[in-house]
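A.B. asks: Below are the sequence and a predicted model; questions follow.
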Amino acid sequence: MKKILKKARKYSPSILSATLFIANPAQATPPIQMAEAFRPLPMDDPSLEMPSVSELEAEEAIDQVTSVSQLSDVQPTDWAFQALQSLVERYGCIAGYPDGTFKGNRAMTRFEFAAGLNACLDRITELIAAATSNLATREDLAILQRLQEEFAAELAALRGRVDSLEARTAELENNQFSTTTKLKGEVLFWLNDTFGERAAARGEPSGNDKTETSFSYRVRVQFDSSFTGEDLLLTRLQANNLNELSEPELTNTLMTLAAIDEGDGSNDVGIDLMFYQFPIGERAQALIGPIGVDLDDVSVVLSPFADEANGTISRFGRRNPTSFRGPANAGVGFSYAFNDKFQVNVAYLADDPANPAESAGAFNGAYSALGQLVIEPNDSLAFTLGYVRKYWGKDGVDITNGTGSFKAQDPFDGVPTTADNVGLQANWRVNEKFEVGGWFGSTWARPETSNGGDDDDVTIINGMLYFAFPDLFREGNLGGLMVGVPPIVTDGGDDDSLKDDDTSIHIEAIYRFQVNDNISLTPGLFVITNPNHDDVNDTIWITTFRTQFVF
């Protein structure tokens, strides 16, 4: 998108998350874009950029001009106009580029300086030899000699700086990591604890709080490779030792899970994300990946809190589970921007595509198929409307991806399940210091029994309202307040026992303090009332202090 999603990247500057945005066709920007992927650095004057070696080698021969008026980018108001006019019309030793320009603001290479100086000296020599005293006089030669003497020190200093830069460039070229790949990294320290009784669920009664203060980490190393300057091959390695708080002997509720999804506590290093992204023309972009690709990698998430490294501290607070969570691991995505206000995204993701066994593989196992429309009426307002078709095989059902009640997670007790999901998002940037937004999602799930039963759909809904405070107290900081209802079964279809009895409320507050470009500190707190949507359970408080290092 234009400004709203640019703001989201500013206030959620993760180097490791993948997002999509609506492209401006006039700028030929691909509609799917990694947050930190090969964006050129801004310059006050693009004409000051040094040409690359390839550009110099490809430069056409420049043509001699006889009048300064032949140079389309030279105006009488330019400070060097008279000097150019003299060199062109009096001495005839200035050449223009084939497109009729002089490019006077562009930095000059040593080769170009040598060629221009040699041309002028040759011309002066010819004029002297031809005794054209009315063109080249002794005074002219005296002026040239005086200028040479006056600028001798500056020329020597410039020559020294150029030599130094050439030496440093050669050193970098000899020791660079890669000509096509950028290496990035991130380390998270995660300190958290819970307060409140363990929730009753899964046949376990409520009980005393048995969680202890824990200190965990996550490390990511990412390789961003580009072969054309517009494409991206992303490979990410990861290790962590975070354990999930939802275990029966801990909080016994999915609603206390942290924002870091990979809570396996294994400490093993492995590839957790890999995909290749490339443009198709000026308005479309495609993505294909064999591992770690999720629904939010191939669709647009508007929330400024979506990144677990510097946004929300809870799993539910990251994104709408209806639209952005489901069976996923590998797949393909396609994005097309009709203009700067409308974009459509489609994708197909498979959970276990590398497995050739029955009820697995790319097309016969658990999968998610999505379509999303992104609308940005103006620079401050954005909406998305999405539909996702999901399927889970036997004993692998996780409809809400660990963000709601256990009934909402697997209402049919391991039976293969299909679900139709519709999700809405909105984000309104009221001003530079305040944003408001939220989401709503509805799921209609049904068991896929062998006899093709006609069970009524089970209805699961969830919603969130958030308030964001960019640059709170200091540029780069982010404050946030979120209030929502985690996924809840509101209609059990043919079986009223599947319906959740009560309603849980998720309340979360965070404040990210940006120490510098590489370090941020985020204290946070979220509260769950009636955990597992059951009012017999006491409120649970989850506190977190997160530290992020990026390099």
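C.D. replies: Happy to help now that I have it. Numbering: from 1, shown residues only.

A.B. asks: Checking Glu173 next. Helix, strand or coil?
C.D. replies: For Glu173, the secondary structure call by DSSP: H, G, I helix; E, B strand; the rest coil comes out as helix.

A.B. asks: tell me which helix or strand of the chain sits lowest on mean pLDDT?
C.D. replies: Lowest on mean pLDDT, DSSP states H and E among the helices and strands of the chain sits strand 18-20, with a mean of 34.

A.B. asks: can you give me the strands in the stretch 101-250 of the chain?
C.D. replies: In the stretch 101-250 of the chain, the segments counted as strands under DSSP state E, counting those that start in this stretch are 181-195, 214-225, 232-240.

A.B. asks: can I get those in JSON lines with mean neighbour count, mean pLDDT and distance to Asp272?
C.D. replies: No exception for glycine: its C-beta is placed from N, CA and C like everyone else's. Formatted as JSON lines, the strands of the stretch 101-250 of the chain follow (neighbours: other CB atoms under 10 Å; pLDDT from 0 to 100; distance: least, CB to CB, whole Å):
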{"stretch": "strand 181-195", "mean neighbour count": "17", "mean pLDDT": "94", "distance to Asp272": "12"}
{"stretch": "strand 214-225", "mean neighbour count": "17", "mean pLDDT": "94", "distance to Asp272": "8"}
{"stretch": "strand 232-240", "mean neighbour count": "20", "mean pLDDT": "95", "distance to Asp272": "4"}
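
A.B. asks: Adding distance to Gln372, write these out as TSV.
C.D. replies: Supplementary listing: the strands of the stretch 101-250 of the chain in TSV, determined by distance: least, CB to CB, whole Å:
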stretch	distance to Gln372
strand 181-195	27
strand 214-225	25
strand 232-240	20
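
A.B. asks: So which of the ones you listed is nearest Asp494?
C.D. replies: Closest to Asp494 of those, according to CB to CB: strand 181-195, at 36.4 Å.

A.B. asks: strand partners of the closest one, parallel vs antiparallel please.
C.D. replies: Within its sheet, strand 181-195 is paired with strand 214-225 (antiparallel), strand 540-550 (antiparallel), according to DSSP bridges.

A.B. asks: Is it possible to get a markdown table of those strands that adds distance to Arg446?
C.D. replies: Shown next, in a markdown table, are those (distance: least, CB to CB, whole Å):
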| stretch | distance to Arg446 |
| --- | --- |
| strand 214-225 | 37 |
| strand 540-550 | 32 |
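
A.B. asks: Off-centre distance for stretch 336-347?
C.D. replies: Computed by CA atoms, centre = their mean, to the nearest Å, the chain-centroid distance of stretch 336-347 equals 17 Å.

A.B. asks: should've said stretch 349-360
C.D. replies: Per CA atoms, centre = their mean, the centroid offset for stretch 349-360 relative to its chain is 28 Å.

A.B. asks: residues touching Met274, list them.
C.D. replies: Shown in contact with Met274 (CB atoms under 8 Å, 6 or more residues apart in numbering): Leu234, Thr235, Arg236, Gly289, Pro290, Ile291, Gly292.

A.B. asks: thought Ile540 was touching Gly196?
C.D. replies: Yes: the pair Ile540 / Gly196 is scored as a contact, 3.9 Å apart, by CB atoms under 8 Å.

A.B. asks: So which of those two has more stuff around it?
C.D. replies: Shown here are Ile540 and Gly196; by other CB atoms under 10 Å, Ile540 has more neighbours (26 against 20).

A.B. asks: any weak-confidence spans in the chain?
C.D. replies: For the chain, the stretches with pLDDT under 70 are 1-65, 129-136, 263-265, 450-455.

A.B. asks: which residues in it form helices?
C.D. replies: 3-11, 53-58, 81-86, 110-129, 138-150, 152-175, 321-324, 406-409 (DSSP state H).

A.B. asks: Let me know which of those helices is the nearest to Lys210.
C.D. replies: Nearest of the helices of the chain to Lys210, taken as CB to CB: helix 406-409 at 18.9 Å.

A.B. asks: quick revisit: ok, which of the helices of the chain comes nearest Arg446?
C.D. replies: Of these, nearest to Arg446 by CB to CB is helix 406-409, at 14.1 Å.

A.B. asks: packing partners for the closest one?
C.D. replies: Counting contacts by 3 or more CB pairs under 8 Å, 6 or more residues apart in numbering; DSSP states H and E, helix 406-409 packs against strand 478-491.

A.B. asks: Neighbouring strands - and their directions - for the strand it packs on?
C.D. replies: Counting by DSSP bridges, strand 478-491 is paired with strand 458-470 (antiparallel), strand 505-514 (antiparallel).

A.B. asks: Dump that strand to CSV, keeping only the CA atoms.
C.D. replies: Taking Å, rounded to 0.1, in the frame of the first residue of the first chain, the C-alpha atoms of strand 478-491 are listed here in CSV:
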residue,chain,number,x,y,z
LEU,A,478,5.3,2.5,19.9
GLY,A,479,2.5,2.3,22.5
GLY,A,480,-0.4,0.1,22.1
LEU,A,481,-3.7,-1.0,23.7
MET,A,482,-5.7,-4.0,22.4
VAL,A,483,-9.1,-5.3,23.5
GLY,A,484,-10.7,-8.4,21.9
VAL,A,485,-12.5,-11.7,22.1
PRO,A,486,-10.4,-14.8,21.3
PRO,A,487,-12.0,-17.4,19.0
ILE,A,488,-15.2,-18.6,20.6
VAL,A,489,-17.8,-21.2,19.5
THR,A,490,-21.1,-19.3,19.3
ASP,A,491,-23.1,-22.0,17.6
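
A.B. asks: now that strand: how far from the chain's centre is it?
C.D. replies: 24 Å.
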